[in-house]
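Asks: Turn this into a model:
(2 chains)
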Number of protein chains: 2
Amino acid sequence: MVLQPGSTVGILGGGQLGRMLALAAARLGLKSHIFCPPGDNPGSHVCDRITLAEYEDFAACDAFAASVDVATYEFENVPVPCVERIAGRVAVRPGIAALRIAQDRLNEKNFLNGLGIATAPFAAVDDAAGLDRAVAQIGLPAILKTRRLGYDGRGQSLLRAASDAAGASAATGGAPAILEGFVAFEREISVIAARDQDGVIACYDPPENHHRNGILDISRVPAAIPADVAAAAKHITARILTALDYIGVIGVELFVLKDGALAVNEFAPRVHNSGHWTLDACAISQFEQHIRAICGWPLGDPSRHSDAEMRNLIGGDAGQWDMLAAQPGLCLHLYGKDAPRPGRKMGHVTRLIPKGHM
Amino acid sequence: MVLQPGSTVGILGGGQLGRMLALAAARLGLKSHIFCPPGDNPGSHVCDRITLAEYEDFAACDAFAASVDVATYEFENVPVPCVERIAGRVAVRPGIAALRIAQDRLNEKNFLNGLGIATAPFAAVDDAAGLDRAVAQIGLPAILKTRRLGYDGRGQSLLRAASDAAGASAATGGAPAILEGFVAFEREISVIAARDQDGVIACYDPPENHHRNGILDISRVPAAIPADVAAAAKHITARILTALDYIGVIGVELFVLKDGALAVNEFAPRVHNSGHWTLDACAISQFEQHIRAICGWPLGDPSRHSDAEMRNLIGGDAGQWDMLAAQPGLCLHLYGKDAPRPGRKMGHVTRLIPKGHM
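Replies: Model (predicted):
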């Protein structure tokens, strides 16, 4: 399948990732049709067409599927029945397999370990007795995470002592969960990579990521890691992509341990916040790369012309837009969201740095 | 006037320049409303709102003006009465003065000469007798151009001998014209520059431009000219901007003579085809720069991280999109136009080259 310029890309989700995907599609002469529930949808301002409906509205799903030439999603929590319904009528890329695995932390870790890829130690937790068993197995401190629907640190609870168990159980609302042990890591990195329909893979160099309050704060590329560690991280990512017969861009978060060994934290079957620097530091951004892959186009060169540091603008941070806009060498991106709620990603800035001068 | 993110930029014209302006506005969290006549309008696929109406439809102009926070235009042939009508209700940037001058080759050259800026020799031609007088004054070869509504070589006719006069007059349809003498130039360059509402000016380095069949083919930056010539070209551009009390981006085309002297060919009161390389080679593109200027934002740094060569995709050229997309380091831009008519600008590609390696 090779879509011609002028074709329409369907995007499930109208957030900032859908918005930046639609902008990338436009650059290539492709139209976009965004499907999302009513609300403050920044993607809706830049797409050729918008469907405002619930993901459970199958009539809307059918009409959407009939109007697009390929469909994709901008977030991993899009309901699987919606995607299945659409996939019955038009190609959905990446496929449902990646979505099913990524939507459930237990499936995700089992999948990774099944490929021989290291993760943090973990144990399934279905109830209070299960949590006690998991604590005995994993040790403390550890972190209890709901298996489903968590992002940016939500649905997570830290256990420092056995006495924290009851509170943690309450925090997850009794939903199926996993207990994760801590990994003594030196650094967090991620690999943003794409795989095309012929199995060709292109990886950007891994950025180093720093979080604040459980939300990505800064991504800096290149990461301060040896070349062989970067190569190993790309190799792990390539194995994940191939195992999933994946088409599109993926974001894989990894821990770098003291000895240079790697463990995967999690992966997102979509464009990724830690890849936003590619918009300004590469000829081909992660958004364009994703559009190319799902449309059956050749992947772009993932090399970068500049080193870069990306910083998220969270909540009130975006209020400093005028000061940020005035800084030389800083690329400002605002997502067009109405309300700067605490913790909400309102935009980002990327500082370009001549290569080798970071 | 400083527009807040979330404000709406009105754009007169729905061509590729309007499209790229709308995309640049989106990057900054601004909405766009495009006004253009019905037709194949590539800008309409990426804007928040579109008004399809004739420029003479004053009711539509009024409604458009009421819905935007600032207005601009993407082509210099937008009818002045339309712009005047809108300017009565909302700020139009750049203003009407620049438009009036740029729409008439005679006014434009008189304005430039009035500033002491050299141009090709010229004479007004209102009728056949006037053409004879102009030929006697300017000499041959020379080129007869309609004063108004010419672009990409249209409305132009070459006179090699006095016997060409009748044919040339017929070609311009008897419309008011000017006869331009040839300038013995070594090179064509352009300066893309912006001026903000406080009079601050930012110039990109001048590209060197090559035309084919009267249409821009290639822009290459840096131009192969000495630093003092580049500085002089920027200085001329700054004088034009200041004289017009201009707000926004301008494109000034210049001839570089054998001795390094400069003559202005013409200027366009808008973003310019020879500045498309800024999309990929600079942190801040000419499109974002224009949006920043007209919204009262600080101008961005016009320096570039890479050298670049931009090539237009004219007519059938865009049919090679798949081959172009596969070339490493090539940035592909397609405008989403339906019909690849001969001479129609369908897209462009920019090759990024590490600085100093051109």
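
Asks: where does the stretch 101-250 of chain A have low pLDDT?
Replies: Residues of the stretch 101-250 of chain A that meet the criterion pLDDT under 70 lie in A:150-154.

Asks: all strands for it, in order.
Replies: A:122-125, A:142-146, A:156-159, A:177-181, A:185-195, A:201-203, A:208-212, A:215-221, A:248-257 (DSSP state E, counting those that start in this stretch).

Asks: quick one: the fourth one to strand A:142-146, angle?
Replies: An angle of 160 degrees separates the directions of strand A:177-181 and strand A:142-146 when computed by axes from the mean of the first three to the mean of the last three CA atoms, to 10 degrees.

Asks: Mind giving me the packing neighbours of strand A:177-181?
Replies: helix A:105-114, strand A:122-125, helix A:128-138, strand A:142-146 (3 or more CB pairs under 8 Å, 6 or more residues apart in numbering or on different chains; DSSP states H and E). All C-beta atoms are positioned from the backbone trio N, CA, C, and that covers glycine.

Asks: pretty sure residue A:289 is in a helix, no?
Replies: Yes - assessed with DSSP: H, G, I helix; E, B strand; the rest coil, residue A:289 lies in a helix.

Asks: what about stretch A:204-215, start to end distance?
Replies: With CA to CA, to the nearest Å as the measure, stretch A:204-215 spans 22 Å from end to end.

Asks: picking up where we left off before, quick one, which of the helices and strands packed on strand A:177-181 is packed in tightest?
Replies: Among the helices and strands packed on strand A:177-181, strand A:142-146 has the highest mean neighbour count (mean count of other CB atoms under 10 Å in any protein chain shown), at a mean of 23.

Asks: From the contact counts, what lies against that one?
Replies: helix A:128-138, strand A:156-159, helix A:165-171, strand A:177-181.

Asks: For the second one, name the packing helices and strands.
Replies: What that stands for is strand A:156-159. strand A:142-146, helix A:165-171.

Asks: now the ones you listed as TSV including distance to residue B:303?
Replies: Formatted as TSV, the helices and strands packed on strand A:156-159 follow (distance: least, CB to CB, whole Å):
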stretch	distance to residue B:303
strand A:142-146	45
helix A:165-171	50
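
Asks: out of the helices and strands packed on strand A:177-181, nearest to residue B:37?
Replies: helix A:105-114 (52.6 Å; CB to CB).

Asks: between that closest one and strand A:248-257, how many degrees?
Replies: 80 degrees.

Asks: Give the other helices and strands that helix A:105-114 contacts.
Replies: Contact partners of helix A:105-114 among helices and strands, from 3+ CB pairs under 8 Å, 6+ apart: helix A:96-102, strand A:122-125, strand A:177-181, strand A:262-268.

Asks: Kindly format the C-alpha coordinates of the second one as PDB.
Replies: Spelled out, that is strand A:122-125. Output in PDB follows, covering the C-alpha atoms of strand A:122-125 (Å, rounded to 0.1, in the frame of the first residue of the first chain):
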ATOM      1  CA  PHE A 122       7.500  -7.100  38.700                       C
ATOM      2  CA  ALA A 123       4.600  -9.200  39.900                       C
ATOM      3  CA  ALA A 124       0.900  -9.100  39.100                       C
ATOM      4  CA  VAL A 125      -1.400  -7.800  41.900                       C
END
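
Asks: Show me what it is in contact with.
Replies: A:105-106, A:109, A:130-131, A:133-134, A:137-138, A:144, A:147, A:176-181 (CB atoms under 8 Å, 6 or more residues apart in numbering or on different chains).

Asks: Which residue does the stretch 151-300 of chain A have closest to chain B?
Replies: residue A:298 (4.0 Å; CB to the nearest CB).

Asks: Distance check, that residue against residue A:28.
Replies: Taking CB to CB, to the nearest Å as the measure, residue A:298 falls 12 Å from residue A:28.

Asks: Can you name the residues that contact the nearest residue to residue A:295 once chain neighbours are set aside?
Replies: Sequence neighbours aside, residue A:3 is the residue nearest to residue A:295 in space, at 4.1 Å (criterion: CB to CB, 6 or more residues apart in numbering or on different chains). Neighbouring residues of residue A:3 by CB under 8 Å, 6+ apart: A:9, A:30, A:69-70, A:295-297.
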